[in-house]
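K.L.:
Need coordinates for the below:
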Amino acid sequence: MSFREKSAWITLLTVLVCFGSYYAGLATGLIDPLGFQSFHLGLIAIIGVVVLQVGLRLVAMLQNPAEARTPRDERERMIEAKSHTVGYYLMMIGMIAVVITTHLPLHPRFMVTVYFGMGVVIVSTMAVAIAQIVMFRRGA
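P.N.:
Modelled structure (predicted):
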């Protein structure tokens, strides 16, 4: 497995674990969506993703430093471009949905929009990582 494929796996798993647990807490009622507890736990999830990604990528880099330093070849640049295209389109569709939810008569409208917008960013990030993993595995 190449370093860039490992990086895609690291991104997918850290985002899934950190934000999956955050949204699971919101969905089950363990976290009050209107309180400061949800804000603080959201910050912890963001910091957790950053720390885990930096740490795990350092571990992956130290396992094979020569491979981590090699420049991207044409195939890897193509995989990156295609995966970011997938993420871009998902993000645009999601942002249109966020604009629509701001105009729905929901209580409290601001919090619904914030959670939905954050979810769109998370889903598009995971889609980019999944697309990269699939293309690396396929040999595209």
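K.L.:
give me every residue that touches the residue at the greatest distance from the centre of the chain.
P.N.:
Among the C-alpha atoms of the chain, the one most distant from their mean position (C-alpha atoms, centre = their mean) is that of residue 105, at 28.8 Å. Residues in contact with residue 105 (C-beta atoms under 8 Å, 6 or more residues apart in numbering): none are found. Placement of C-beta: from N, CA and C, glycine included.
K.L.:
any idea whether it is helix, strand or coil?
P.N.:
In three-state terms, and counting by DSSP: H, G, I helix; E, B strand; the rest coil, residue 105 is coil.
K.L.:
That one and residue 116: what is the separation?
P.N.:
Look at residue 105 and residue 116: by C-beta to C-beta, to the nearest Å, they are 15 Å apart.
K.L.:
and if you look at residue 45?
P.N.:
Applying C-beta to C-beta, the value for residue 45 to residue 116 is 16 Å.
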